[in-house]
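S.K.: Quick one, structure for this:
(one chain, ligands or ions: 1)
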Amino acid sequence: MKTIYLDHAATTATDPEVLEAMLPYFHEHYGNPSSIYSISRISKNTIENAREIVANALGANSKEIVFTSSGSESDNFAIKGVALAKQQQGNHIITSSIEHHAVLYTCKFLEKNGFNVTYLPVDNNGIIKLDELEKAITPQTILITIMHANNEIGTIQPISQIGEIARKHGITFHTDAVQTFGHIPVNVDDLNIDMLRISGHKFYGPKGVGALYIRKGIKITPLIHGGDQERRRRASTENVPGIIGLGKAVEIAGKVMENEATRQTKLRNEFIRTILDNIDDARLNGHSSLRLPNNVNISFEGIEGESILLNLDMEGIAASTGSACSSSNLEPSHVLLSIGLSHEFAHGSVRFSMGKHTTKDDLDYVVEVLPGIVKKLRAMSPLYKK
Ligand SMILES: *Cc1c(COP(=O)(O)O)cnc(C)c1O
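M.R.: Next comes the predicted model:
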């Protein structure tokens, strides 16, 4: 049976071209970039080339890019690094209630260590209110960290305006751009961003490699001490193949992004409309237009998202309830509760996230089998009484 993979927000398959670019750096060009002989110079130069590619894609300077081991590390680095560097100046951080756990749990950790954190609420579409952001700012505020687009419901925040507010108050602004970078344009100057993090495996690059953009002049304390790599901002021998792969993935994304965003937005809108037309007591979560081109998140009243997923899996369809991290516990998603969903609806949600290989036929097939699955589960559900 063919697998219809609709969980690109969780991870993507490494592009064959990316893999091909990486392979020589495992065995042939294995030199440590910090050494001075010629096999090392090859590694060093190729890393610097990848750094240039990432910087260009963001409208940044290559000196402002630090390679890391992942998206989660970049989030930790940005938030703890700024908190440590600026603790003499203040101890207040502002974030939103719908961030990825890499941000939320980093903030919780800081709260246990003398920092105060404001978790801004969001409206029913998952968008923060700018006037509440303004009101939350105090003379102690040292960092605002708000994600570009949400990984569960796809909502895109008014990042440029948030950055403007941060700048007006002289506060560092960090954004988690893991879901947007490589999928929609992200320019650090247009969006008034001071720090931003990306992750390779969310746009057809390898897993275990990410980057953090740090605008020139922003003070940050390193978390990993040791060698002088990454201009002394992150020690440890570079993941050369991973960084090469990240660079290649950025290069490819630059070529296909615009067409893919248009194509996927069209598929997305059709898919949403067909599901809502064919299944009663279902609702779309997140904003109808300010959302990622590839994200569809729908709640089906009275049934469990997990049961829907198991039934979809039997039909060869891979989807998710939203957050890969919370699928092992039974708490409804913090994002869905934050946008005001009742537990009833929050438990019955499924996220479909498309990719560049998703076709209309794939989605037609989902739309063909989904109503039957929902009907069957509702017939067995004591919670659904209609
Ligand atoms: C996937 C994801 C992360 C985690 O990235 P890793 O590279 O897997 O550590 C963080 N934030 C968002 C919004 C994500 O979608």
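
S.K.: Now do the end-to-end distance for stretch 203-212.
M.R.: 16 Å (C-alpha to C-alpha, to the nearest Å).

S.K.: make that stretch 231-249, sorry
M.R.: Stretch 231-249: ends 24 Å apart by C-alpha to C-alpha.

S.K.: So which bits of the protein are right by the ligand?
M.R.: Within the chain, the residues that sit near the ligand (C-beta under 6 Å from any ligand atom) are 70-72, 100, 102, 147, 151, 176, 178-179, 199, 202, 210. Where you see a C-beta, it was placed from the backbone N, CA and C, and this is true even at glycine.

S.K.: List the ones among these that fall in strands.
M.R.: Residues of the residues of the chain next to the ligand located in strands (DSSP state E): 176, 199, 210.

S.K.: Quickly name whichever of the residues you listed is closest to residue 381.
M.R.: Using C-beta to C-beta, the shortest approach to residue 381 within those belongs to residue 176, at 35.5 Å.

S.K.: what's the spacing between the closest residue in space to the closest one that isn't next to it in sequence and residue 52?
M.R.: Residue nearest to residue 176 in three dimensions, not counting chain neighbours: residue 147, with 4.1 Å by C-beta to C-beta, 6 or more residues apart in numbering. In this view, residue 147 and residue 52 are 26 Å apart by C-beta to C-beta, to the nearest Å.

S.K.: Which of the two has more residues huddled nearby?
M.R.: Between residue 147 and residue 52, counted using other C-beta atoms under 10 Å, residue 147 has the larger neighbour count: 27 against 14.

S.K.: List the contacts of the residue of the stretch 51-200 of the chain at minimum distance from the ligand.
M.R.: Nearest to the ligand, among the residues of the stretch 51-200 of the chain, is residue 71, at 2.6 Å (C-beta to the nearest ligand atom). Residue 71 makes contact with 102, 176, 178, 197-199, 202, 210, according to C-beta atoms under 8 Å, 6 or more residues apart in numbering.

S.K.: ok, the nearest residue to residue 114 once chain neighbours are set aside - how many residues close by?
M.R.: Leaving aside its chain neighbours, residue 114 sits nearest to residue 91 (6.0 Å; criterion: C-beta to C-beta, 6+ apart). Residue 91: 18 surrounding residues under other C-beta under 10 Å.
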